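1. 3D, please:
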Amino acid sequence: MEKETTLQMLERFDPVMARLLQQEEDRQRNTLGLIASENYASPLATFLEGSVFTNKNTEGYPGRRFVGGCEFADEVENLAIERLKQLFGCEHANLQAANATIGNISILHGLLKQGDTILSMSLSHGGHLSHGAAFHVSGKMFNVVQYGVSQETERIDLEEVKQLAQQHNPKMIICGASSYPRLIDYAGFAAIAKSVGAFLWVDCAHDVGLIAAGVIPSPVPHADVVSFSTQKTLRGPRGCGVILCRQALADKIDRAVFPNIQGGPKMDMIAARAVLFKECMSEEFKLYSRQVLLNAQALAQGCLSQGLRLITGGTDTHLIVADVTPLIPSGKEAEDILNSVGIVTNKNMIPFDALPPNVSSGIRIGSPFLTTRGVKEAEMYEVGVLVGKVLQNHNQPEVLAKIRRQVAGIAEKYPLFAEEWLPW
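-> You can find the predicted model right below:
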């Protein structure tokens, strides 16, 4: 008798869950994913998630566990750490935080005292909620001063950052963003931080894969602390907050993650990242990352050709923020109408937005997911054109039906993970 597969067991035991699993796979396969914070995870890294390592309690750090039976877990975590050091040239690494925001809170908790002043990028101008948004725990614990972008250029104004730093004397300056499409001058930020005696923390969760591949500059030589997640341009599974820091800060960072913020780590998550970091050292990953940049440029040009206004006029990375109001009243409406034809995006505030966050004036789009599927520049340009045409014709059902067929035709041509990016 043929052995029953896990999927067959699920279909027999919980057909409702099996159906939802299949529907989600079909949705990903049959749509064009443009959400800049999404990617299709590495198959080998994903294989390690849920492996036997998930059964093991590994509270503590390698060689300093609070439970027995951790000899192989120690090897796994040490392997992941050594690969991180090799990949980024950092002095110390911690990858126990369950996700990037937990890692970010650990950084604040480990290096600062409650009430200290931090200088960070405004959420509405492209920053992240864990950098001191008023409604977030980071904003409630610290005195937060925020910088934004210039109204004229929509780019970070380092002179403004310098003036704010001199005026408020922060203990920490944070740079890195969730919806800023340009390169950040890490050396410039480091000089400002040094001038006021502040820590410099760079959160590069979005473009860390491009940094790992060496296709854009790294913050590691300039920052005291660098943090990131692994599911965006790094192309790993969701979860895992990675913290890189100078050796002098290692104890404070490690103690902030454990035992101060969380308990034992997910060892299957760490095992998956060990494989992921090896993958990121491959020539295939470097080629992939270069293609992500080329595809983002092509996507931007396609959008521009249809009358969309791009924040800062374009992109230096994998993501694009577009003001949709020249074509449709809001980002919310843009997200909904694009989703209806199979183009998946997210509404997003733009700098100096007149609309509330749950409506917004923009959308944020990016190239990682479709690049993973094997799409190249010519078709990415076409996708950008289709985005604009959908928004131009949002009240024209016949036109939208035609575009829906075009989208389906593009999606049908590509697997969820192109073989050309596999380094094995």
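2. what is the mean pLDDT for the longest helix along the chain?
-> Among all segments of the chain classified by DSSP state H, the helix with the greatest residue count is helix 283-304. Helix 283-304 shows a mean pLDDT of 98 in the predicted model.
3. can you dump the C-alpha atoms of it in CSV for me?
-> Output for helix 283-304, consisting of C-alpha atoms alone and laid out as CSV, is shown next (Å, rounded to 0.1, in the frame of the first residue of the first chain):
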residue,chain,number,x,y,z
GLU,A,283,26.2,33.8,-7.5
GLU,A,284,22.6,33.0,-8.3
PHE,A,285,21.4,35.2,-5.5
LYS,A,286,23.7,38.0,-6.6
LEU,A,287,22.3,37.7,-10.1
TYR,A,288,18.7,37.7,-8.7
SER,A,289,19.4,40.8,-6.7
ARG,A,290,20.7,42.7,-9.7
GLN,A,291,17.6,41.6,-11.6
VAL,A,292,15.4,43.0,-8.7
LEU,A,293,17.0,46.4,-9.3
LEU,A,294,16.6,46.2,-13.1
ASN,A,295,13.0,45.1,-12.7
ALA,A,296,12.1,47.9,-10.3
GLN,A,297,13.4,50.5,-12.7
ALA,A,298,11.4,48.9,-15.5
LEU,A,299,8.3,48.8,-13.3
ALA,A,300,8.7,52.5,-12.5
GLN,A,301,9.1,53.4,-16.1
GLY,A,302,5.9,51.6,-17.0
CYS,A,303,4.0,53.4,-14.3
LEU,A,304,5.4,56.8,-15.3
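4. helices or strands next to it in the packing?
-> helix 208-212, strand 309-310, strand 319-323, strand 362-366, helix 368-373, helix 377-392 (3 or more C-beta pairs under 8 Å, 6 or more residues apart in numbering; DSSP states H and E). Every residue, glycine included, has its C-beta placed from N, CA and C.
5. list the contacts for the closest residue to Leu112 other than its chain neighbours?
-> Computed as C-beta to C-beta, 6 or more residues apart in numbering, the closest residue to Leu112 that is not its neighbour in sequence is Lys171, at 5.6 Å. Counting by C-beta atoms under 8 Å, 6 or more residues apart in numbering, Lys171 makes contact with Leu111, Leu112, Asp116, Thr117, Ile118, Ala198, Phe199.
6. circling back: can you give me the buried ones in the longest helix of the chain?
-> Using 16 or more other C-beta atoms under 10 Å as the burial criterion, the residues of helix 283-304 that qualify are 285, 288-289, 291-304.
7. show the end-to-end separation of stretch 327-346, please.
-> With C-alpha to C-alpha, to the nearest Å as the measure, the first residue of stretch 327-346 is 16 Å from its last.
8. what's in contact with that stretch?
-> Applying C-beta under 8 Å, 6+ apart, the set of residues contacting stretch 327-346 from outside is 30-35, 37, 306-308, 324, 347-349, 355, 358-365, 383, 386-388, 390-392, 394, 400, 403-404, 407-408, 411.
9. distance between it and the chain's centre?
-> 21 Å (C-alpha atoms, centre = their mean, to the nearest Å).
10. repeat for stretch 113-123
-> Chain-centre distance of stretch 113-123: 21 Å, with C-alpha atoms, centre = their mean.
11. averaged pLDDT, that stretch. What do you get?
-> On average, stretch 113-123 scores 94.
12. stretch 214-223 too?
-> 98.
13. what sits up against that stretch?
-> For stretch 214-223, the surrounding residues in contact (C-beta under 8 Å, 6+ apart) are 88-90, 176, 183-184, 186-187, 189-190, 200-202, 204, 207, 210-211, 226, 244, 286, 289-290, 292-293, 316-317.
14. whichever of those end up buried, select them in PyMOL.
-> Selection of buried members from the contacts of stretch 214-223 for PyMOL, criterion 16+ other C-beta under 10 Å:
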select buried, resi 88+90+176+184+186+189+190+200+201+202+204+207+210+211+226+244+289+292+293+316+317
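15. since that was my last question, I'll sign off now.
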